[in-house]
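>>> Pasted the sequence and its predicted model underneath.
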Amino acid sequence: MFDFLGSVLKNVISKPATRMYPYETREAMDKARGALGEIEIEKCIFCGICATKCPSIAIKVDKAERSWEFNRLKCIVCNVCVEVCPVKCLHMDKAHLGPLLAVEKTKRNGPPKPAPAAKAAESTN
């Protein structure tokens, strides 16, 4: 009985062992994988390796249109796309995303493909 009473008094006097979550948040760890961050579309070569290696098929790359599309609800935050990108244009954010109310797809278009020099010279003649 006295052991129980001592435990109760100790818990009443000491501060809580947990954080008051909504009011006190913890900073993310260095290697935390919260969500796929932004793509540097200017660096992207639209090779499609990220889309091929994505296990949840959350990424679609259209080489002809030079566009890149990402579906957040399909992403399982495995970091494979970031690891296999040959030009390192994908990055993971540390922060986790809140709940989504609707399907959120991110579509980015790259700069137009430059015309080859030989064809450009022919078109001017």
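Cool, the structure landed.
>>> Which parts of the protein are strands?
Ranges of strands within the chain are 35-39, 59-62, 67-71, 90-93, 105-109, based on DSSP state E.
>>> how close does the residue sitting nearest the centre point of the chain get to residue 20?
Central residue check for the chain by C-alpha atoms, centre = their mean: the C-alpha nearest the mean position is that of residue 36, 0.4 Å away. Distance from residue 36 to residue 20, counting by C-beta to C-beta, to the nearest Å: 30 Å. For glycine as for every other residue, the C-beta is placed from the backbone atoms N, C-alpha and C.
>>> quick one: the helices in this structure?
2-13, 49-53, 80-84, 117-124 (DSSP state H).
>>> buried residues in the third one?
In other words, helix 80-84. Across helix 80-84, burial judged by 16 or more other C-beta atoms under 10 Å covers 81, 82.
>>> Show me the contact partners of that helix.
36, 49, 50, 51, 53, 54, 55, 59, 88, 90, 91, 92 (C-beta atoms under 8 Å, 6 or more residues apart in numbering).
>>> Quick one: buried ones out of those?
Buried subset of the contacts of helix 80-84 (neighbour count, 16+ other C-beta under 10 Å): 36, 49, 50, 51, 54, 59, 90, 92.
>>> Show the end-to-end separation of stretch 9-21, please.
Distance across stretch 9-21, first residue to last, is 24 Å (C-alpha to C-alpha, to the nearest Å).
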